[in-house]
Every structure is written in structure tokens, then in C-alpha cells.
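In: Next input, structure requested:
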Amino acid sequence: MLIFVAMILGGIGVICIGITARRMVTGDVALGPPILALVTAFAAAALMLTATALGQ
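Out: Got it, this is the predicted structure:
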């Protein structure tokens, strides 16, 4: 179950990275998407490591 949550968070992180890249091209970079991408990436990695340690 933790793996599925981590995969969803990883997908959200990828979407935020795409939004950030598009905004960097136009020169209109806000802090929201990059910070959300970092937070979801770290949370996804932590959940994957936890799931691996628990044998899920």
C-alpha cells in the first residue's frame, strides 16, 4: 500500500517539475511548484524506503 502512495506522490512531483520547467521558459517562476516537487519527491523516497524495509 505504501508503494502505491509513493507512486502517486512521485507522479505529483513529476507534474510539478513540468510546471516549473514551463514557467522557467516564460520567465515566470513561482516558488510553489518547485517546493511542492521537492517535498513530494522526498516523501515518495521515504515511503519507498519504508515499504522496502517492511517487506511490502
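In: is it true that residue 40 touches residue 17?
Out: No: judged on C-beta atoms under 8 Å, residue 40 makes no contact with residue 17 at a distance of 9.7 Å. Yep, even glycine has a C-beta here, placed from its N, CA and C like the rest.
In: Have a look at those two and say which one is more surrounded.
Out: More crowded of residue 40 and residue 17, by other C-beta atoms under 10 Å: residue 40, with 21 against 17.
In: what residue is smack in the middle of the chain?
Out: For the chain, the residue nearest the mean C-alpha position is residue 13 (2.5 Å; C-alpha atoms, centre = their mean).
In: Now it. Nearest residue, chain neighbours left out?
Out: Excluding its sequence neighbours, the residue lying closest to residue 13 (C-beta to C-beta, 6 or more residues apart in numbering) is residue 40, at 4.0 Å.
In: contacting residues for that neighbour?
Out: In this structure, residue 40 makes contact with 9, 10, 12, 13, 16, judged by C-beta atoms under 8 Å, 6 or more residues apart in numbering.
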